[in-house]
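> Test case, fold it:
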Amino acid sequence: MNCRIFGVLGLFMATLALYGCGQGADDAAGLNGAITVSASASGSFITATATYTNPTKTDLIGTPIWFSYQVAGTTYSLGTVHTNNSGTVSVVFTPAAFNANQTFLVTAGTGNLQNFATVNMSGRSLSLAPPAVAPVFTNVSSTSTVDIPIPIQLTFATFKDPFASDLSGLVLDITETLESTLDNASTIDLLNSTTTTNVLGIAPFPGATAHMTVPPKGGSNTLSVTWIVKDNAAGGTGLSATGVTTIVLSH
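Coordinates of the predicted model:
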């Protein structure tokens, strides 16, 4: 009799142990829970946080969570990490440098569970603050050409790069296109056709001289100068920016 009781009890305990192991495997595989993920960007870093929850467990430490992200059609693995007691884990990563803005799709998963979040990130950029020239008045004859100085400007082009701390040394080519209300004879002489950024990513305008024809019969001649700065270096950023200086010559 006693042997039968102990035999039945042993079989019950063994069955219970096997059932418990099966539940543990299901939990570890994410079969009995849910996963959420969030992502945020700051500077050159993206932080992704995943939280695993399970209706039958409170101690969720050690649940394996894998992360990946997708950008421009390519997926990159971030590996697998394990949750803390509350089922939460975070990863921080820096993508390869890029221009303008990018949208990243961050995915986290465990077992058969997956979830994702999107995050927008600002990359490298180039902006331009064109030099200003006050209106010019002249009383010379209408057959003359007037030289108008365009002054040096310390802040002309601004380069931003969240992936670098030293932004110096970016050489930008300067070109211009002209549009005049009076004729097509107006020209620009640049003091230098390139400008270079400092450690803060700021590049100066080197100065220039505009040559404009005096308007006839007491009129005015407007010259629009569209400045174009571009990183043309091989393997460079390829960034460009434009800005317009308007010069008005009255007679």
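
> hey, C-alpha coordinates of stretch 96-112 in PDB?
This file holds the C-alpha atoms of stretch 96-112, laid out as PDB (Å, rounded to 0.1, in the frame of the first residue of the first chain):
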ATOM      1  CA  ALA A  96      26.800  55.400 -40.000                       C
ATOM      2  CA  ALA A  97      27.000  59.100 -40.800                       C
ATOM      3  CA  PHE A  98      24.400  60.400 -43.300                       C
ATOM      4  CA  ASN A  99      23.100  63.700 -44.700                       C
ATOM      5  CA  ALA A 100      19.800  65.400 -44.000                       C
ATOM      6  CA  ASN A 101      17.200  63.300 -42.100                       C
ATOM      7  CA  GLN A 102      16.600  59.600 -41.900                       C
ATOM      8  CA  THR A 103      13.800  57.400 -40.500                       C
ATOM      9  CA  PHE A 104      14.900  54.300 -38.600                       C
ATOM     10  CA  LEU A 105      12.700  51.300 -38.000                       C
ATOM     11  CA  VAL A 106      13.800  49.600 -34.700                       C
ATOM     12  CA  THR A 107      12.600  46.100 -34.000                       C
ATOM     13  CA  ALA A 108      12.800  44.000 -30.800                       C
ATOM     14  CA  GLY A 109      11.800  40.500 -30.300                       C
ATOM     15  CA  THR A 110      11.900  37.400 -28.200                       C
ATOM     16  CA  GLY A 111      10.800  34.000 -29.400                       C
ATOM     17  CA  ASN A 112       7.700  34.400 -31.600                       C
END
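
> Give the buried residues for it.
F98, F104, V106, T107, A108, G109, T110, G111 (16 or more other C-beta atoms under 10 Å). Every residue, glycine included, has its C-beta placed from N, CA and C.

> same check, this time on stretch 155-169
F156, A157, T158, F159, D161, P162, L167.

> can you put the residues you listed in TSV and add secondary structure, pLDDT and distance to G236?
Supplementary listing: the buried residues of stretch 155-169 in TSV, determined by DSSP: H, G, I helix; E, B strand; the rest coil; pLDDT from 0 to 100; distance: C-beta to C-beta, whole Å:
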residue	secondary structure	pLDDT	distance to G236
F156	strand	98	18
A157	strand	98	14
T158	strand	98	16
F159	strand	98	11
D161	coil	97	12
P162	coil	96	17
L167	coil	98	13
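
> for I174, what are its contacts?
The neighbourhood of I174, defined by C-beta atoms under 8 Å, 6 or more residues apart in numbering, consists of L190, N192, S193, T194, T195, P206, W227, I228, V229.

> Which ones among these map onto strands?
Judged by DSSP state E, strands contain the following of the contacts of I174: L190, T194, T195, W227, I228, V229.

> So which helix or strand of this protein has the lowest pLDDT on average?
Confidence across the helices and strands of the chain bottoms out at helix 2-28, with a mean of 38, counting by mean pLDDT, DSSP states H and E.

> picking up where we left off before, distance to V248 for the buried residues of stretch 155-169 - can I get that in TSV?
Shown next, in TSV, are those (distance: C-beta to C-beta, whole Å):
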residue	distance to V248
F156	21
A157	25
T158	27
F159	31
D161	37
P162	40
L167	35
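
> picking up where we left off before, which among the ones in strands among the contacts of I174 end up buried?
By 16+ other C-beta under 10 Å, the ones in strands among the contacts of I174 give L190, T195, W227, V229 as buried.

> Excluding chain neighbours, what is closest to the first one?
This means L190. Sequence neighbours aside, A208 is the residue nearest to L190 in space, at 4.7 Å (criterion: C-beta to C-beta, 6 or more residues apart in numbering).

> and the one you found, how far is that from L170?
21 Å (C-beta to C-beta, to the nearest Å).
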